[in-house]
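> Structure, please.
(6 chains, ligands or ions: 6)
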Amino acid sequence: MSDDRMQKMLLWWEMQQLQERYTATLDNDRLEEWPELFADDCFYEIMPRENEMAGLPIALVRCENKGMLRDRVLSLREANIYEAHVYRHFTSGLEITAASTAEVTMQASYAVLQTLQDGETRVYQTGRYVDRVVKTADGWRYGSKRAIYDTLRVQTLLATPV
Amino acid sequence: MSDDRMQKMLLWWEMQQLQERYTATLDNDRLEEWPELFADDCFYEIMPRENEMAGLPIALVRCENKGMLRDRVLSLREANIYEAHVYRHFTSGLEITAASTAEVTMQASYAVLQTLQDGETRVYQTGRYVDRVVKTADGWRYGSKRAIYDTLRVQTLLATPV
Amino acid sequence: MSDDRMQKMLLWWEMQQLQERYTATLDNDRLEEWPELFADDCFYEIMPRENEMAGLPIALVRCENKGMLRDRVLSLREANIYEAHVYRHFTSGLEITAASTAEVTMQASYAVLQTLQDGETRVYQTGRYVDRVVKTADGWRYGSKRAIYDTLRVQTLLATPV
Amino acid sequence: MNIPHQDYRKDSAENLIFPRDDGSRVPYAVFSSPDIYAREQERIFRGPTWSFLGLEAEIPNPGDFKATYVGDTPVVVTRTEDGTLACWVNRCAHRGAMVCRTPRGNTLSHTCVYHQWNYDAHGNLSGVPFSRGMKHMKGMPADFDPSCNGLTKLRVESYKGLLFATFSATVESLFDYIGAEMRPWVDRIFYKPIEYLGCTRQYSKSNWKLYLENVKDPYHASLLHLFHSTFNIARVGMKVRTIADEQYGLHSILTTTRNEENMGDAYKQQNIQTYNESIRLHDPSLLDVRQEYDELITNHIQPIFPQLVIQQIHNTLVARQLLAKGPNNFELIFHYFGYADDDPELRAMRIKQANLVGPSGYISMEDTEATELVQRGTAPDGGRTSVIDMARDAPEQSDSMITERLIRTFWAGYRRLMDLQGAGDER
Amino acid sequence: MNIPHQDYRKDSAENLIFPRDDGSRVPYAVFSSPDIYAREQERIFRGPTWSFLGLEAEIPNPGDFKATYVGDTPVVVTRTEDGTLACWVNRCAHRGAMVCRTPRGNTLSHTCVYHQWNYDAHGNLSGVPFSRGMKHMKGMPADFDPSCNGLTKLRVESYKGLLFATFSATVESLFDYIGAEMRPWVDRIFYKPIEYLGCTRQYSKSNWKLYLENVKDPYHASLLHLFHSTFNIARVGMKVRTIADEQYGLHSILTTTRNEENMGDAYKQQNIQTYNESIRLHDPSLLDVRQEYDELITNHIQPIFPQLVIQQIHNTLVARQLLAKGPNNFELIFHYFGYADDDPELRAMRIKQANLVGPSGYISMEDTEATELVQRGTAPDGGRTSVIDMARDAPEQSDSMITERLIRTFWAGYRRLMDLQGAGDER
Amino acid sequence: MNIPHQDYRKDSAENLIFPRDDGSRVPYAVFSSPDIYAREQERIFRGPTWSFLGLEAEIPNPGDFKATYVGDTPVVVTRTEDGTLACWVNRCAHRGAMVCRTPRGNTLSHTCVYHQWNYDAHGNLSGVPFSRGMKHMKGMPADFDPSCNGLTKLRVESYKGLLFATFSATVESLFDYIGAEMRPWVDRIFYKPIEYLGCTRQYSKSNWKLYLENVKDPYHASLLHLFHSTFNIARVGMKVRTIADEQYGLHSILTTTRNEENMGDAYKQQNIQTYNESIRLHDPSLLDVRQEYDELITNHIQPIFPQLVIQQIHNTLVARQLLAKGPNNFELIFHYFGYADDDPELRAMRIKQANLVGPSGYISMEDTEATELVQRGTAPDGGRTSVIDMARDAPEQSDSMITERLIRTFWAGYRRLMDLQGAGDER
Ligand code: FES
Ligand code: FES
Ligand code: FES
Ligand SMILES: [Fe+3]
Ligand SMILES: [Fe+3]
Ligand SMILES: [Fe+3]
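Ligands and ions are numbered 1, 2, ... in the order given. Purely as a prediction, here's the structure:
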């Protein structure tokens, strides 16, 4: 087999593993680990598709650094009031759009299914992740992660990150 | 490339393939093959998240051995009355939590979409698989598979395994 | 590690990559690239499960060659009137049912979530892909792709391919 | 706000007014009022009409059955042991369970799963478990008469292989119901044995009558469906024919026939769609037509009220079944067929041309988009009315595509059948 | 159409008629009419009945609480600081927010999140932030009396560890409500401390009363549930017992007891299910039974109207809570339990036998399938009636499985409680 | 059950009673009754009110349009060729299809897809295909007057860049409708050109008026939203201002202004939330405020009935549009903006502070959680009433955060506008 193909597969696998770890972290309520999937210098936002398309800057959630990621989690745990729920993330169509040894850019489709206290599960949100992944001492981490969501009507509220 | 990374990827792939085969078996109505994805000494249950959280033992379905898995299938095929339906399983966030050459433990998020006779498709159940996989003469098989479901309100009934 | 296992994994990966690219192409509205995922001599159809089961030939969409694929896209872009929407595809349970160096047959479960102008996301369709993949000068391409759908009640209309 | 505004939430059948007797003004509440919908079940689907169920070719053999609907009542149509047809409500005479649980199948004996009451293909009660008791245990009472406790039967008739049923004991025969004006056009399509090729199903968030408006509306054809004009497909001028049945005015036929005159220029004059001359189909073979009938009709659209639309477009042949699903939804089931003696090439053409019609059809997918736009536009304001005026000054002109006469005729007939208020009452 | 057809959309309580006073004909509209459902909330769930809430074993400690429903009103049942029980409507006295936001928990102090009004476990208002104002800012008005602004309290009582509540100030005690006929059978199961083992939940697209019909219906047992017969599980002949309570006729008990007579032949005679002799369970230990009570009752099914069904099947013990969710849906919550002194092996048997019952139970999953088939069959035609005739000639026969007497008794009692028209009015 | 219980399902507008004229007791049925909802469409959204549509900055150029709603009627607001504004119902004059099919866009010519009737930006009918027929085919009738068959036009006005429309021909000008009390506060925010920054949308399973209660309720602010107190963010004592408009009492303004007095102690005295002193924000820059106005108002919340809430919180500026979606749901659209002359740093601050507000806002996400809790708590019992008593003894006190006076004023005005029964009728 060609070593090139193998290298490409390995890179794909490492990116896929990062996405899977991201999913597992959020779906199993390990929110405190969530900021650790990001590089120290990082950016995260949840952006409505309509603003993205129109070039407008307002996001639903916008964290400009790792401290802000941690503050989101802290506020969810300690301050905010919302109905207890479970998320299940599903991703597909992962595309690596550029890759160097230090940085990878990629995008993927995602869906989040949510279960509330009534025990019913609904499609909560779909969208597209647009990610920049950087090599850190701890391995690949998100330098930037943007969730550009299709489901413009946010049902009730969005508390937990997607 | 490091052989270690490659070994990890291969192990991941083998686990992933087992999950995919599990999905394909159930989604394509090959129920008779379903018990064969388990080791001879095995355990399977579908457990409501609320009981799991509270440490209570009652499951929706509980098979304590391979015979009981086969009995489920046999009963579905021969005895029980329920509306004909199709399942589509989706899994994500696969995490290998421990691994030896003989045994792997892992967990993943899952969703099951169901289509009934009216030709409409609904989210039927989401949850988390918690699996123990063992090496057998036939390859990796489930020693234990637990589907801990979020969707506490089971719609109508649950006949086919998830 | 055995070279055979590795070869199998590589083949799986290449098939998986083709499916992922298919998803990415449709989910990101790059419809003009969609016919390019097919071999020159190709077949595509979207077939209701009930007709498939009954051995009846009528499909929802049936493209007997690459020109017809391109005509679909052209008509969607230029002629047909339908509500703007976004698809998100998810696939699972990929099974390679036969493989040679020149051709692979495989099947997988799929789901399509759709978001319309009201900003709500719904399960639009689930089903099973049955694919024949052929090696071309440009790499693996679909020689035949059949989407056999469970969701017999097509909501409103089906414009964009699945 | 120049137009006076009716009290738009009083959508009961009693309050509804058709301000003109010619059917040219329809209060929008007919498309969303639950009260109107309930009245339709009584006066139309359980009243003096025949509802289309499917094709005989779907149930060729004794025991073959199909579960479907008359209005919102589930029924089963089946072929009995002697080849005759039967149709009964799919509701057990015992405690009301649906008896038949699959859309299609074959059996001459239908057993309700709840207590295994058993019915023959005619819907007669043929078995009640433990009806005579067992040992000391009593069974059914002495006054229980199985012959009075069968499934509710409907009259069922077939015309040229098209299956219909009615709850009405008084409505005329199916032959007369279809009527003298419509029968020749049914005969035109169903003149020899057919082969059933499969079906597709479409669910629309709009009222069922919006679909009937649509199939009685030649005016929209070239304006909503832009496939032909976009791809510069030369459509030689069409001769049009619109006929409504005399008795009810609820059935109709619309045909377009190729002739020599080119209509392309007309479009351009109207400025309704400018051609992009560079767009061409990669595979124009989709539009190949093989002439099958004497007259070169390319479109034959024939609604037989309330549940059937017969369609021939090029070489596609479809019997569309229209099912109301509450006031705000309908289901449309396309039954595709060919002729039993089609040669392989013609059969392949029909299968390929299915791309033109149905839920993904190049020249049809816009119809449900349109009916849903009307549903959304009209639901908030049930007191307003549509303006159905095209060619209103030429009520007898039957050779025009620029007309809404079939729609007006439809609404006038609908109002009478539903016994709703007209202009006379209002003014 | 031989049977005259009532105007099926006039489903208001006033128009509804039970054509026979013995409960043997039930107009199908009771299963889907919103008006009937609203009347049930008033006359049943807020009327002179006791609704089951759960087991004392679910809230053993002071502060333990559980959020549930009486009809469609959300309530909380909790154990107070002194171990007594309290139950109140889960709606803040201030502006109406649900106070308790989790299904279970432990607290003696409930705070509404909106403005942090605080209530003790009894539902008394114990704190209103800023009630006395602050500095120049005024607080609550002088005439505001916290003691009149607590949560709406329900009467709550426990019988043998089963929790019930009522909105009625006049209904008799729970002891008397359960009544002399039913109490011995409740006592049979709840004769010693229990251990709560968990719950499962099922949601059915059918009316809640269809489930009550089902648990009063020995006739369906062997006909709908085919597990035993399919697997050739020898069921020695069963002695059956059916008893309705005397006062209301809405509660009942149904038992089957093993005896020596083999019923297998009876089935074959009735031709209702032919055995495939080759099918056997791989692990028949699922059906092992350990005898726990004097009489070898294998099935004990006891609805205590309106929200409880006590069940013992083999060694499974379940208190099923039935919650109406609008006219067309119900939720069923299975509370599984054992006895506190079970040995490990018996406890394991109960956990394993849970495979038999609940939403996936081998001998129970068909029940919601059946109730949904009835819902779909009956909803389109509310004026038609069921035919509940089995053993109607033997109203006193209480040792038969081939009978619908408990169902008839139920409907007669339901009609009285709901004050709906009977035959007298009609004829 | 000490409190008498009204017949809770008779939720028609006629049966509804407000037991006190001061608005302090509101029957819960106003939040879930379909009849009340229908009456609101007539009396409020089609009555003498101005409904907010959006910002002029969203449609700056000729041809720019936006599709939105007045109540549940779809409308389009657009800028015409000469820069003036127009607003019309999004329903074709022909057969009722929605004409505009995208939420935003730019065109001066709107064509209905169904039959390509064409309208100009003012909503005038400018083209009907084949209106004069073609060859032998007749077109529109002689009495068809295009000038009477345009789209239904609404009056549209802008005040300081805020767009409003009304169906009413008699309601006063927008200037007077906003009124003398409210205008200065609108002017405070809209005193110079703005830049539109984007929007977010939230859908809540609760009645639209629960959201209006919420934005008129200073009492809940520190009790429901715990972000500041949790993170020990020193909030220097706030000066509060509450004003309702004199004419209707349905608009209001609520401001909080920083002063020197520390309120933290007050919280502790009330025992409503104990601080965990160790919790601090990692990045407190989120809470940086740049003073923009003379008075250091940190919160400006100003509902202009029925569809607008103007909000300034720190440096975030938002025009919230409130859309009723049936009795049980509302949609809330947050239109974020800055000033056209913002320096980059201030613009970046606004974008960052958007984290505070909207569907995921640190200090706002609880509001829809609260309104949904009220919806679920109140829907089952429409005859009960809320108790809106805070500072009821001090109706003139306008400098208190501990008050529900704006809510009482709102309900009193709502009752009058809706013409519902008050205490006088009842007693
Ligand atoms: S309901 Fe059909 S047999 Fe009883
Ligand atoms: S609604 Fe409960 S405290 Fe205000
Ligand atoms: S409905 Fe608009 S043009 Fe006919
Ligand atoms: Fe059409
Ligand atoms: Fe049963
Ligand atoms: Fe708030």
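> So which elements touch the longest helix seen in chain D?
For chain D, the longest helix by residue count, based on DSSP state H, is helix D:174-189. When contacts are defined as 3 or more Cβ pairs under 8 Å, 6 or more residues apart in numbering or on different chains; DSSP states H and E, helix D:174-189 sits against strand D:153-159, strand D:162-166, strand D:236-244, strand D:252-262, strand D:297-304, strand D:308-313. To be clear about C-beta, it is placed using only N, CA and C from the backbone, and glycine gets the same treatment.
> Serialize the ones you listed to TSV and add fields for mean neighbour count, mean pLDDT and distance to residue B:80.
Converted to TSV, the helices and strands packed on helix D:174-189 look like this (neighbours: other Cβ atoms under 10 Å in any protein chain shown; pLDDT from 0 to 100; distance: least, Cβ to Cβ, whole Å):
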stretch	mean neighbour count	mean pLDDT	distance to residue B:80
strand D:153-159	19	98	32
strand D:162-166	25	98	33
strand D:236-244	19	86	53
strand D:252-262	17	80	49
strand D:297-304	22	96	42
strand D:308-313	22	98	38
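> Mind putting these into TSV with distance to residue F:323?
Formatted as TSV, these follow (distance: least, Cβ to Cβ, whole Å):
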stretch	distance to residue F:323
strand D:153-159	46
strand D:162-166	45
strand D:236-244	43
strand D:252-262	41
strand D:297-304	38
strand D:308-313	37
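> So for residue E:381, which of those sits nearest?
strand D:153-159 (12.9 Å; Cβ to Cβ).
> Just list what the closest one packs against, helices and strands only.
Helices and strands touching strand D:153-159, as assessed by 3+ Cβ pairs under 8 Å, 6+ apart, comprise strand D:85-89, strand D:162-166, helix D:174-189.
> and the helix or strand hosting residue D:38 with chain E, contact?
Using DSSP states H and E, residue D:38 maps to helix D:34-40. Yes. Residues of helix D:34-40 contacting chain E under Cβ under 8 Å from any Cβ of the partner chain: D:38-39.
> what does that helix contact?
With contacts defined as Cβ atoms under 8 Å, 6 or more residues apart in numbering or on different chains, helix D:34-40 is touched by D:11-13, D:16, D:29-30, D:71, D:324, D:326-327, D:418, E:9.
> If any of those are buried, give me the PyMOL selection for them.
In PyMOL, this line selects whichever of those come out buried by 16 or more other Cβ atoms under 10 Å in any protein chain shown:
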select buried, (chain D and resi 11+13+16+29+30+71+324+327+418) or (chain E and resi 9)
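> Of the contacts of helix D:34-40, which belong to strands?
residue D:324 (DSSP state E).
> from the contacts of helix D:34-40, which single one is nearest chain A?
Chain A lies nearest to residue D:326 out of the contacts of helix D:34-40, by Cβ to the nearest Cβ, at 22.1 Å.
> which residues touch the closest one?
Residue D:326 sits in contact with D:34, D:37, D:72, where contact means Cβ under 8 Å, 6+ apart.
> do residue D:32 as well
With Cβ under 8 Å, 6+ apart, residue D:32 has these contacts: D:11, D:207, D:327-328, D:375, D:378-379, D:382.
> Please identify the residues of chain A in proximity to ligand 3?
Residues of chain A lying close to ligand 3 by Cβ under 6 Å from any ligand atom: none are found.
> does the longest strand belonging to chain A come close to chain F?
Longest strand in chain A, counting residues (DSSP E): strand A:121-136. No. No part of strand A:121-136 sits near chain F under the criterion Cβ under 8 Å from any Cβ; the closest distance found is 11.2 Å.
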